[in-house]
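K.L.:
The sequence and its predicted three-dimensional model are supplied below.
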Amino acid sequence: MKYYIIAGERSGDLHGGNLIKALKSQLPDSEIRCWGGDAMENAGGDLVVHYREMAYMGFLEVVKHLGAIRKKIKFCKEDILAFKPDAIILIDYAGFNMRIAKFAKAYHIPVHYYISPKVWAWNQKRAHKIKKFVDYMYVILPFEKEFYKRYNFEVDYVGNPLLDAIRDFKPSDDFSFKDKDVVAVLPGSREQEVTHMLDNLQKVTQEFPQEHFVVAGVKNLDKSLYAKVENQPNVSLIFDQTYDLLSHAKAALVTSGTATLETALFNVPQVVVYKTGKISYAIAKRVVKVEFISLVNLILQKEAVKELIQEKFTLKNLITELEQILPNGNKRAQVLKDYRLLKDMMGDENTSQKTAELIISRTAS
């Protein structure tokens, strides 16, 4: 079998890597060509384009790079036709991947979509478009199956791939902070996210001199972005060791995204933050239809973890909320209780294996 897989960001690469491993375990001779990153390449995919060439954040960023995006889409279509896959597997990254889904449908190439675009968050009528161009959808959030039922589209809930990644994780004996309780700082994987988080962090750490803050950097960003936290007495910087960090953290400051759910699954109380440009935020505020931005709160349908968004993302609020989730803080016990409910709702599926089995059975039939 020949599969063409497309992921456009870091979390998609992580899940794509685990999916490739699962496909290869069941079909060792399968050929897999992919857009993604190191995880997908290391799992056995033939990497065409790295996600760092495609990671644009916010409405204005996308508009500014429309020319480059169009060139990538054109090249992707040509590469698919040259490869002649038995199926295309799309992972999230809706703006790009839905264009590929439409193209694939026109050429009668089966389209499998793993990790649904967040159509429930804004412009929900896009679900009609997904139903039209996607043959099989594999969702990873419990409420998504019910959402698609409203559009008469039967999808598969396969559990969440983060459960697989965390289940397979083995803490490193060489991790620098393995004997310490630390406050984890997860500033995100995009330049703007990191900048907004670290601008506030320097002053926050001064208010908690007894705590040690560890910033989880990512190697695909320029190291100079993290310069402002270096040489601070109670701050350390590490790269690509997020799970090791979370396995030892007692609390966390997290930029909204997949990391919020990872942090919860490691049982670390957190404060969620997010800030973008004023124009991008104004546009988002008009179109976004959900009450929360963190996956933890979206799944639980309540504010289990505090969200500091845009103008609420202030130094004062960050200090106040961090105090309340540290040991002996008055919100800590409730957060941990909500995490237990979250895990019950998500189940315990072997997500990558289940998704691979469904894809293989449907490709073979």
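P.N.:
Perfect, I can see it now.
K.L.:
Leaving out sequence neighbours, find the closest residue to Lys77.
P.N.:
Distances taken as Cβ to Cβ, 6 or more residues apart in numbering place Phe103 nearest to Lys77, at 5.3 Å, with adjacent residues excluded. From N, CA and C alone the C-beta is placed, and that goes for glycine too.
K.L.:
Please determine how far that neighbour is located from Ile69.
P.N.:
14 Å (Cβ to Cβ, to the nearest Å).
K.L.:
Moving C-terminal from the worst-scoring helix or strand of the chain on mean pLDDT, which element do we reach first?
P.N.:
Across the helices and strands of the chain, mean pLDDT, DSSP states H and E gives its lowest value to helix 278-287, namely a mean of 52. Next in sequence after helix 278-287, counting helices and strands by DSSP states H and E, comes helix 295-300.
K.L.:
where does the protein have low pLDDT?
P.N.:
Scanning the chain with the threshold set as pLDDT under 70 gives 55-66, 276-290, 365.
K.L.:
Just give me the residue right at the centre of it.
P.N.:
Nearest residue to the geometric centre of the chain (Cα atoms, centre = their mean): Thr258, 3.4 Å.
K.L.:
what's near enough to touch it?
P.N.:
Ser11, Leu162, Leu295 (Cβ atoms under 8 Å, 6 or more residues apart in numbering).
K.L.:
Confirm the second one sits in a helix?
P.N.:
Yes. Counting by DSSP: H, G, I helix; E, B strand; the rest coil, Leu162 is located in a helix.
K.L.:
got the residue ranges for the strands in the chain?
P.N.:
Using DSSP state E, the strands found in the chain span residues 2-7, 31-36, 46-50, 87-91, 111-114, 136-139, 156-157, 182-186, 213-217, 235-239, 249-255, 270-274, 306-309.
K.L.:
so which of the contacts of Thr258 comes closest to Lys125?
P.N.:
For the contacts of Thr258, the closest approach to Lys125 (Cβ to Cβ) belongs to Leu295, at 22.8 Å.
K.L.:
Show the contacting residues for the closest residue to that closest one other than its chain neighbours.
P.N.:
Nearest non-adjacent residue to Leu295, counting by Cβ to Cβ, 6+ apart: Leu261, 4.1 Å away. Shown in contact with Leu261 (Cβ under 8 Å, 6+ apart): Asn160, Leu162, Ser294, Leu295, Val296, Ile299.
K.L.:
ok, now Glu9?
P.N.:
Listed by Cβ under 8 Å, 6+ apart, the contact partners of Glu9 are Tyr51, Met54, Ala55, Asp92, Tyr93, Ser189.
K.L.:
Check Ala7 too.
P.N.:
Asp13, His15, Gly16, Cys34, Trp35, Gly36, Gly37, Met40, Tyr51, Ile91, Asp92, Tyr93.
K.L.:
For Leu186, see how far away it is.
P.N.:
In terms of Cβ to Cβ, Ala7 sits 20 Å off from Leu186.
K.L.:
picking that back up, got the strands of the chain as CSV, with distance to Ala121 columns?
P.N.:
Shown next, in CSV, are the strands of the chain (distance: least, Cβ to Cβ, whole Å):
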stretch, distance to Ala121
strand 2-7, 19
strand 31-36, 23
strand 46-50, 26
strand 87-91, 17
strand 111-114, 16
strand 136-139, 14
strand 156-157, 18
strand 182-186, 21
strand 213-217, 25
strand 235-239, 30
strand 249-255, 17
strand 270-274, 13
strand 306-309, 14
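K.L.:
out of those strands, which comes closest to Lys331?
P.N.:
Using Cβ to Cβ, the nearest of the strands of the chain to Lys331 is strand 306-309, at 7.7 Å.
K.L.:
Sheet partners, orientation included, of that closest one?
P.N.:
Here strand 306-309 is paired, per DSSP bridges, with strand 270-274 (parallel).
K.L.:
could you pull out the helices for the stretch 1-150 of the chain?
P.N.:
For the stretch 1-150 of the chain, helices defined by DSSP state H, counting those that start in this stretch occupy the ranges 10-26, 38-42, 59-64, 66-83, 94-106, 126-133, 142-149.
K.L.:
Out of those, which one sits most buried?
P.N.:
helix 10-26 (a mean of 24; mean count of other Cβ atoms under 10 Å).
K.L.:
Show me the chain divided up by domain.
P.N.:
2-159+349-364, 182-346 (automatic domain parsing).
K.L.:
In JSON lines, list those domains along with distance to Ile166.
P.N.:
Shown next, in JSON lines, are the domains of the chain (distance: least, Cβ to Cβ, whole Å):
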{"stretch": "domain 2-159+349-364", "distance to Ile166": "11"}
{"stretch": "domain 182-346", "distance to Ile166": "5"}
